[in-house]
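Colleague: I would like to see how this sequence folds:
(one chain, ligands or ions: 2)
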Amino acid sequence: MSKHLHIMANDGDIAETVLLPGDPLRAKFIAENYLEDAKCYNTVRGMYGYTGTYKGKKVSVQGTGMGMPSISIYVNELIKFYGAKNLIRIGSCGAINKDVKIRDIIIAMSASTTSGVNKRRFSGLDYAPTANFSLLKKAYDIAIEKGIEPKVGNVLTTDLFYDDEATDLKLCADYGILAVEMETAELYTTAAKHGVNALSIVTVSDHIITGEVTTPQERQETFTDMMEVALELA
Ligand SMILES: O=P(O)(O)O[C@H]1O[C@H](CO)[C@@H](O)[C@H]1O
Ligand SMILES: O=c1cc[nH]c(=O)[nH]1
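Modeller: Ligands and ions are numbered 1, 2, ... in the order given. So this is what the prediction gives:
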């Protein structure tokens with residue numbers, strides 16, 4: 001199988017540490033505002049990927065699209081074809097827990113899911129997709145040093161964004177789930193399969209209980225605390 005299916009890059013174009021926003025324009029924003037000598041290595045499907053340096057360290061940032069099927073494609077290709085070793089999602093999420101506020105940063109220790117993908121992979125066994133502890137601890141320490149108090153815990157990776165009837169979010173909140181997003185369970189599972197490190201850091205873009213929202217522009221550009229924590233991790 002050609003390796004140039006969804007990422008059209010050459011060997012060595014992509015760093016071992018890759019930041020993974022769902023939104024490709026968030027990847028562009030990071031390249032333009034944080035990376036030195038940033039070069040765009042991928043434009044296939046508009047899913048931008050850039051490599052540059054941050055404080056002298058080579059780092060890449062690759063858009064993943066929305067949902068588990070989409071991030072699964074990018075993460076598989078980054079690991080198998082380009083040698084990625086540290087995969088750090090920087091996403092947005094909807095808070096479902098009263099202890100979480102809009103624009104809070106959540107570090108996902110684990111990811112529950114509404115998806116049937118892992119039930120199929122594990123023949124019915126309930127696998128628990130889990131963050132890499134070393135990346136998680138470092139991210140937490142960096143956030144605290146920057147004066148940010150991140151929430152650390154379980155997120156819910158949903159298959160559907162519009163899923164109001166099907167998922168009992170109150171029940172999830174009662175069991176300590178902090179927020180919903182759409183990629184982390186697949187990222188953690190695929191990284192574990194290949195023995196590489198993964199972490200999801202997500203910023204609360206909307207609050208499902210209070211109804212507060214951020215604008216698309218804010219989502220694209222103002223989640224800078226999360227971006228800086230992820231870049232420091234690199
Ligand atoms: O902002 P991103 O990283 O795309 O993450 C969240 O936003 C999208 C839904 O609007 C889903 O991909 C969800 O996981
Ligand atoms: O997946 C997501 C992301 C942000 N907000 C939500 O409600 N869901």
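Colleague: where exactly do the strands run in this protein?
Modeller: Using DSSP state E, the strands found in the chain span residues 17-20, 36-42, 49-54, 57-62, 86-95, 105-113, 151-157, 179-181, 197-207.
Colleague: where in this structure is pLDDT low?
Modeller: 1, 220-221 (pLDDT under 70).
Colleague: which residues pair with Q62 across the strands?
Modeller: Beta-bridge pairing for Q62 (DSSP bridges): G49.
Colleague: ok, it touching V44?
Modeller: No: the criterion here is Cβ atoms under 8 Å, and Q62 misses it with V44 at 11.1 Å. For the C-beta atoms, the positions are set from N, CA and C on the backbone; glycine is no exception.
Colleague: So for those two, which residue has more residues nearby?
Modeller: Q62 (29 against 13; other Cβ atoms under 10 Å).
Colleague: G195 - how many residues pack around it?
Modeller: 8.
Colleague: How about Y127?
Modeller: Y127 has 15 nearby residues by other Cβ under 10 Å.
Colleague: Tell me how far it lies from R121.
Modeller: As judged by Cβ to Cβ, to the nearest Å, Y127 and R121 stand 7 Å apart.
Colleague: Can you pull the residues that touch both of those two?
Modeller: T189 (Cβ atoms under 8 Å, 6 or more residues apart in numbering).
Colleague: I would like the residues contacting the helix of greatest length in the chain, please.
Modeller: Of all the segments assigned as helix in the chain under DSSP state H, the longest by residue count is helix 68-82. Residues outside helix 68-82 that contact it (Cβ under 8 Å, 6+ apart) are 3, 5-7, 9, 11, 13-14, 18, 20, 22, 47, 62-65, 84, 87, 89, 113, 115, 117, 157, 159, 182-183, 185-187, 190-191, 194, 196.
Colleague: could you pick out which of the residues you listed are near ligand 2?
Modeller: M182 (Cβ under 6 Å from any ligand atom).
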